[in-house]
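S.K.: I need the structure of the sequence given here:
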Amino acid sequence: MLPITAGALTALAGACRRPYYAEWSNDGGKTWTRCGVQAGSASVTADRTAEVRYTGSATLTDVGLGRDGINPISTNVRLWQGVQPARSDVVWVPAGRYTVNNPKKTKTGIGVELDGLEDEIKAAAFPAARVIGPDTAQAIAEQLVAEALPGIGVAWRQGVKPARRVPQIASTTDRWAVLAAGRDETGAGTGIAAALGAECFCDARGVPTYAPVPTTANAPVWELARGVGGAVVEPQPQQSADSLYNLWVISSDTGDGSSIVGPVYVWDDDPESLTYAGPDPVADPLAPQRLGLSWVRVRTQSYTSPLITSPAQAQEVGEAKLADSLGIRYSLTLTAACNPALEAGDVVRVEVQPGAWESHLIDSLSYTLGAASMSLTTRTTPRRLT
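M.R.: As a prediction, the model looks like this:
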């Protein structure tokens with residue numbers, strides 16, 4: 001969750017002011033000019049399942065269109081959402097830094113479509129095939145970002161290993177694929193983030209960020225209670241088995257004659273989980289039949305990357321892949337009090353029924369600047385009923 005004071009967090013489910021504003025820059029973020037936003041026009045979506053995490057739209061006022069104003073070449077826009085409890089100062093929370101698409105003059109201002117800075121990194125494709133590394137993940141990532149976004153650094157959240165050595169990568173054109181989770185023409189993974197067991201995205205401040213893949217085991221950052229004074233309105237549960245895998249096979253072949261890593265197998269080994277894959281689906285696939293576990297089903301997926309150089313790294317990648325592919329069976333779509341400090345990937349505790357609480361991971365969220373409510377799509381790993 002983004003920084004926010006305890007007082008502002010407490011006020012979210014009650015009465016509080018929600019001011020907001022936008023600012024724009026045409027010099028890469030060295031200077032910013034504040035501008036107005038037409039009421040009800042600015043929407044923000046953060047989706048950790050999308051290649052561009054933050055997207056939005058707005059109608060900006062008090063600013064012109066063109067070379068010296070809003071344009072689709074050099075302009076970046078930052079949105080800010082405030083929370084002001086009674087008799088307190090405004091707490092400002094970043095709501096995304098964006099590149100501008102399709103600006104157009106309207107009767108009330110300049111309408112813009114907004115995409116996170118991943119869009120600018122993707123646009124800065126390599127002009128020719130390129131060999132990258134070997135070097136540390138940090139050195140490679142920070143160079144590739146600096147080439148596309150001068151003056152913007154890279155954030156490394158706790159749990160990621162930026163000093164890990166990355167072997168030589170041959171890439172054709174796609175800069176973002178190398179930074180994040182790309183694959184080559186054979187299907188082998190060539191993305192640095194995926195090889196670190198991490199994910200890469202531009203956060204609400206517009207900073208390219210490497211972070212551990214979130215899981216429902218992470219500590220909840222906020223509670224969404226039902227009823228008067230609570231934060232939850234209309235939770236709508238649904239279930240799906242799309243993209244669910246409970247057994248991952250991880251391997252690596254660098255192609256240079258060195259030892260092949262793996263295969264390393266990682267599976268859901270929690271007997272209380274609805275997605276339990278059995279005690280050992282690789283060495284003992286008949287164990288569920290022998291033990292009377294007739295409900296066990298195995299869903300297998302493979303991942304191969306030449307960037308994986310040890311069994312320990314393969315294990316980390318497998319655990320990250322497993323964490324990201326479980327819990328999809330049971331999700332919630334809900335309306336909650338608008339908390340602009342929430343990030344996609346945060347874990348929240350939700351009162352799904354009166355007195356019944358579950359930990360859910362936020363896959364996506366959306367809200368309109370100034371609105372009192374927001375929409376969340378979450379998921380959790382369901383437990384078996386005994």
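S.K.: Is W176 located within a helix, as I assumed?
M.R.: Yes - remark: W176 belongs to a helix, assigned using DSSP: H, G, I helix; E, B strand; the rest coil.
S.K.: Show me where the stretch 1-150 of the chain has its helices.
M.R.: Ranges of helices in the stretch 1-150 of the chain, per DSSP state H, counting those that start in this stretch, are 6-11, 118-123, 137-148.
S.K.: And the average pLDDT for the next helix or strand after the longest one is what?
M.R.: Following helix 137-148 in sequence order, the next helix or strand is strand 155-156 (DSSP states H and E). Strand 155-156 carries an average pLDDT of 97.
S.K.: What strands flank strand 155-156, and is each parallel or antiparallel?
M.R.: Here strand 155-156 is paired, per DSSP bridges, with strand 208-212 (parallel).
S.K.: roughly how far is the strand it pairs with from the heart of the chain?
M.R.: Centroid separation for strand 208-212 versus its chain: 9 Å, with CA atoms, centre = their mean, to the nearest Å.
S.K.: Which elements pack onto the next helix or strand after it?
M.R.: Going down the chain from strand 208-212, the next helix or strand is strand 222-224, by DSSP H and E. Strand 222-224 sits against strand 330-337, strand 347-353, with contacts defined as 3 or more CB pairs under 8 Å, 6 or more residues apart in numbering; DSSP states H and E. Where C-beta positions appear, they are placed from N, C-alpha and C, glycine not excepted.
S.K.: The longest one - contacts with which helices or strands?
M.R.: For strand 330-337, the elements it packs on are strand 222-224, strand 232-239, strand 347-353, strand 356-368, strand 373-380, judged by 3+ CB pairs under 8 Å, 6+ apart.
S.K.: and if we set it to 6 Å?
M.R.: strand 232-239, strand 373-380 (3 or more CB pairs under 6 Å, 6 or more residues apart in numbering; DSSP states H and E).
S.K.: Near A163, how many other residues are there?
M.R.: Neighbours of A163 under the rule other CB atoms under 10 Å: 10.
S.K.: With E223 instead?
M.R.: E223: 14 neighbours (other CB under 10 Å).
S.K.: can you pull the contacts of it?
M.R.: R349 (CB atoms under 6 Å, 6 or more residues apart in numbering).
S.K.: That one and D346: what is the separation?
M.R.: With distances taken as CB to CB, to the nearest Å, E223 is found 12 Å from D346.
S.K.: S251 too?
M.R.: In terms of CB to CB, S251 sits 32 Å off from D346.
S.K.: More neighbours: which of the two?
M.R.: Each of S251 and D346 has its neighbours counted (other CB under 10 Å); D346 has more, 24 against 19.
S.K.: That one against I362, yeah?
M.R.: Yes - assessed by CB atoms under 6 Å, D346 is found in contact with I362 at 5.1 Å.
S.K.: in the stretch 151-300 of the chain, which spans are strands?
M.R.: Taking DSSP state E, counting those that start in this stretch as the criterion, the stretch 151-300 of the chain contains strands spanning 155-156, 165-166, 169-171, 198-202, 208-212, 222-224, 232-239, 247-252, 261-267, 300-304.
S.K.: Could you tell me the least trusted of the ones you listed?
M.R.: strand 232-239 (a mean of 57).
S.K.: shaky segments in this structure?
M.R.: Counting by pLDDT under 70, the ranges of the chain that qualify are 172, 185, 227-242, 254-259, 327-330, 381-386.
S.K.: what packs against the lengthiest helix in it?
M.R.: Ranked by number of residues, the top helix in the chain under DSSP state H is helix 311-325. Of the remaining helices and strands, those touching helix 311-325 by 3+ CB pairs under 6 Å, 6+ apart are strand 247-252, strand 261-267.
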